[in-house]
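In: need a structure here:
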Amino acid sequence: MKLTKTLGYLGLIASILVGLGEYFLHYSVNILGHSENYEFFQFVPLKNLTTGHFLAVIGLPFYFAGYIHIYRMLKSGNETLARIVLGIGFIAFAVGGIWIGSRASIGNIVHLKDAMDTSTYQNLLAHYTDHMEILVKALRIVIATLSVVFAITIIKGGTYYKKWMAIFNPIVILILLVVLGRLIPSIGKHMLPILMNVTHFILFVLSLYQLNKLTKSQE
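Out: Model (predicted):
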């Protein structure tokens, strides 16, 4: 139980560090009005791109610990399904890590827009979109798949989670946050740039809450 709890807190640390990093990388007061062609990056200071890059890179490995925590919470219910969740989680953050590691570079390219000819600039943006932004689309599919297996494992019973936790799988949390962010732009402009990290912060908080309750009941 102690190791499982420690791994959960490491996952929580990941969501905070990577979330802070992504916030530095993406946020400016103009983010909602300049989403086309990565234009929002021109409003992000270069020093923020550097700070955000290294915060995200430092925090990312802790996400793998967080998914080992989730695996350990699930495995008593169904070892095979728990391993599938673990494997998909590792794939998700391997893909996510490649993407987040590229953001400072594309941000710097946007800052250099006026220093290069239009054709070269557009070619660089197109290359980035084809090789990096496609990873975001893949990541959504991976997280949706993970969420389905996560929910099924909990519903089947025998895990350390109460069955209501099946509702709070990553894709459902993500969708709820998107809706909230769209309905309340004053919150959305801060939350939407770091959405996956807010999603996992909530996921790990709920997971640790249930683990702590289980631990106390066993004592």
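In: Now do the contacts for residue 205.
Out: For residue 205, the contacting residues are residue 12, by Cβ atoms under 8 Å, 6 or more residues apart in numbering. Bear in mind the C-beta positions are built from the backbone N, C-alpha and C, glycine included.
In: any residues touching the lowest-mean-pLDDT helix or strand in the chain, and which ones?
Out: Counting by mean pLDDT, DSSP states H and E, the chain has its least confident helix or strand at helix 185-191, which shows a mean of 85. By Cβ under 8 Å, 6+ apart, the residues outside helix 185-191 that reach it are 23, 27, 29, 31-32, 177, 180-182, 198.
In: Spatially central residue in the protein, please.
Out: Centroid check for the chain by Cα atoms, centre = their mean gives residue 196 as the closest residue, at 3.0 Å.
In: Confirm for me that it is in contact with residue 174.
Out: Yes: taking Cβ atoms under 8 Å as the definition, residue 196 is a contact partner of residue 174 at 7.2 Å.
In: which residues do these two both contact?
Out: residue 143.
In: Any stretches of the protein with poor pLDDT?
Out: 32-35, 219 (pLDDT under 70).
In: about what we covered before: what comes up buried for the least confident helix or strand of the chain?
Out: Within helix 185-191, the residues that count as buried by 16 or more other Cβ atoms under 10 Å are 188-189, 191.
In: Repeat that for stretch 120-138.
Out: 121, 124-125, 128, 132, 135.
In: Show me those residues that map onto helices.
Out: 121, 124-125, 128, 135 (DSSP state H).
In: got those residues as a markdown table, with distance to residue 161 columns?
Out: A markdown table is the format used below for those (distance: Cβ to Cβ, whole Å):
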| residue | distance to residue 161 |
| --- | --- |
| 121 | 49 |
| 124 | 45 |
| 125 | 43 |
| 128 | 39 |
| 135 | 30 |
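In: of the buried residues of stretch 120-138, closest to residue 14?
Out: residue 135 (18.4 Å; Cβ to Cβ).
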